[in-house]
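Enquirer: Sequence plus predicted model, see below.
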Amino acid sequence: MENNEIDRQLGELWKKVSGKEYVPDQAPSAPRFSEAQAETVQYLRNSFSKTEEEWKRLLAAKDSAIRDLGVQLDELRAHLGEMKQHYQEARERMINEEQASALGLEESGRILELQKKNHARELLLLKELLERSKAELSSLSGRLDALRAERDEWRVKFNASGAEKADLKDAADALEKKLGDSKEAVERTLAELLSERRVRREAEEKIKESEKKAAELQARLDDARAVWEAERKEWRELWDRERSVWETHRQEFSIWESRLRAEREAWTAKLKEEEGKGLEYAAGLANTLKESSQWSEKVTQILKLYALKGVQLPQVFVSADAPSASPARIGRGLARTAAAALAGLLLMGAAAWRIQAYRSLVHLEPLDRRSLEVPGAAGISVSEEGVWLAGWDKGLLLKDAKDLSTLRLYAAAPGEPFKPVSVSAFAGGIWILDMAQLRFIRKNPDSGKTVESVKTPGPAPQGTAWDGYNLWSFDAATALLYRYGIDPAAGVEASFELPGLTAVSAMQWSGRQLWVLDAGGRLKRFSFAEGKFREISSQKLGKPAASFWVRGGYFWTLEKNAAGTGMELARYKLKIFG
């Protein structure tokens, strides 16, 4: 191959690599090649052809990688569009459900107002009827008084006539002529008395009928009032139930919305992370290609200089002899040394992991175990007064920590159900979970009086925990941990997720850590920071426990006895490394 042809091919390769024409330096015309120079040129041609093929292959791989990245970006954009569409559909469904609930509440309100108006109209009619009856009774009583007065007058007249009759009888001889008149007067008086008796009897009968009607009206009015009160109570219960259901739905909607928002943010962050990784990979690939192009340009310039100036290449470029055996042996020794060092690092890492796992667990040393005479005990709390037990059948009991004798018993009030399942005692009182009425109540430990009552946030509450400022509870229906505010009556302040927990047997705040005993009998510890809970340790207890309490370096548990017929109070020595 001639020198001009070599220059032309090198210039085309330079144009492919750098994107511009290569203008070589002016060099004096070289004399005719010698045999060694011809071999060097041949070697350079072969190296150049190999280098050209390698760079063509690298450029093809680069184009393929760029196409793959473009396809991946299109797929990510399509997936992001699908996620946006799903989020929009879920949001529309939630809005429609909220509108339906609002319409249902408005319809219930209209029906209730209509019932109120109807009852008011009925009460007005009954009042008018009662007033009319009262007026009739007053008129009849007036007529009765008038008849009685007339009867008294006639009685007086009759007495006077009797006296006159007696006088006339003494003077019968002198008054024979007036006897007929007296008889007629007496007959008329008797007729009037008989008519008076008849009128009086009729008046008494009418009075009795009026009293009977008044009693019937009063009974109807009482029945109507009782029915109205019952319906009012039912409507109030229905309204409270609907309001509770609506509040539960609202909380669920807010939870779903927060979860969807969290998932959307997680997906967005993941997409941004993947996109960033793709861009970093593309930038790294572009930098690699750029560096390779620069290196090829430098090699090409050197090769051109050697070819044009006829300089003899070093032996390393033209010799095909194999390297000596000594570097191979050195490489094998270094490989063995690196493998031994890697194995040592792996063993040290495994040992360090085991030590760290051992230090993160809670270590319990059994001290004593005593039987309890409270078969339905479900919750335990230890304070300075003693051991508080939540008994399903007996109520809240305070036991002496030394001999477990009963010091106090707070049972249910007459006519009021009370089923405590969890208790949390602190300096200012005792928080109790009452499953009979689905509420949290705070009692005075000295008097047993209920100081405060708060409804549970969900239908399946589990456990109570007091951190010194706030009341905490878990609900199995939503699998969320709820935190009440400083004033628990104001309602739930926030809700959180506990990783890997769907049901809780007992929980307690110990310092800044939340200790939880799940339904599977595993004791877990969580730390709370930046609005999230992080699991510190998780371990299986030696014996299944129904509840636990941590106080003063001791760990108390409620466990079933060996026969499975009663409960035992176990006490352990607590040791924590970290």
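Expert: Arrived safely. Residues are numbered from 1 along each chain as shown.

Enquirer: any idea of the mean pLDDT in stretch 197-212?
Expert: Per-residue pLDDT over stretch 197-212 has a mean of 89.

Enquirer: Would you mark the buried spots in that stretch?
Expert: The neighbour-count check on stretch 197-212 (16 or more other Cβ atoms under 10 Å) flags 203, 210 as buried. Yep, even glycine has a C-beta here, placed from its N, CA and C like the rest.

Enquirer: Name the residues that touch it?
Expert: The list of residues contacting stretch 197-212 from outside it, by Cβ atoms under 8 Å, 6 or more residues apart in numbering, reads 133, 136, 137, 140, 141, 143, 144, 147, 148, 151.

Enquirer: Format those as CSV; extra columns: pLDDT, neighbour count and distance to residue 380.
Expert: Compiled in CSV, those are given as follows (pLDDT from 0 to 100; neighbours: other Cβ atoms under 10 Å; distance: Cβ to Cβ, whole Å):
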residue, pLDDT, neighbour count, distance to residue 380
133, 82, 17, 66
136, 85, 14, 72
137, 84, 16, 69
140, 85, 15, 75
141, 85, 13, 74
143, 85, 14, 80
144, 86, 16, 78
147, 86, 15, 83
148, 86, 13, 81
151, 85, 16, 86
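
Enquirer: between those residues, which is nearest residue 385?
Expert: Nearest to residue 385, judged by Cβ to Cβ, of the contacts of stretch 197-212 is residue 133 at 65.2 Å.

Enquirer: Quick check: the closest one touching residue 218?
Expert: No: judged on Cβ atoms under 8 Å, residue 133 makes no contact with residue 218 at a distance of 9.5 Å.

Enquirer: looking at this, residue 193 is in a helix?
Expert: Yes: the assignment for residue 193, made by DSSP: H, G, I helix; E, B strand; the rest coil, places it in a helix.

Enquirer: what's it in contact with, if anything?
Expert: Per Cβ under 8 Å, 6+ apart, neighbours of residue 193: 154, 158.

Enquirer: Okay, it and residue 184: tell me how far apart.
Expert: The spacing between residue 193 and residue 184, counted by Cβ to Cβ, to the nearest Å, is 15 Å.

Enquirer: closest to residue 476 among the contacts of stretch 197-212?
Expert: Set against residue 476, the nearest of these by Cβ to Cβ is residue 133 (60.5 Å).

Enquirer: give the contact list for the closest one.
Expert: By Cβ under 8 Å, 6+ apart, the contact list for residue 133 reads 210, 213, 214, 217.

Enquirer: give me that answer again for 6 Å
Expert: Taking Cβ atoms under 6 Å, 6 or more residues apart in numbering, we find residue 133 in contact with residue 214.

Enquirer: element containing the closest residue to residue 510 other than its chain neighbours?
Expert: Among residues not flanking residue 510 along the chain, residue 550 sits closest, at 4.8 Å (Cβ to Cβ, 6 or more residues apart in numbering). Take DSSP states H and E as the rule and residue 550 turns out to sit in strand 545-551.

Enquirer: Could the C-alpha coordinates of the helix or strand following that strand be exported in PDB?
Expert: Sequence-wise, the next helix or strand downstream of strand 545-551 (DSSP H and E) is strand 554-560. The C-alpha trace of strand 554-560 is given here as PDB (Å, rounded to 0.1, in the frame of the first residue of the first chain):
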ATOM      1  CA  TYR A 554     -37.800  -5.800  85.500                       C
ATOM      2  CA  PHE A 555     -40.000  -7.300  82.900                       C
ATOM      3  CA  TRP A 556     -43.500  -8.500  84.000                       C
ATOM      4  CA  THR A 557     -45.600 -10.900  81.900                       C
ATOM      5  CA  LEU A 558     -49.100 -12.500  82.000                       C
ATOM      6  CA  GLU A 559     -48.800 -16.100  81.000                       C
ATOM      7  CA  LYS A 560     -50.900 -19.200  81.100                       C
END
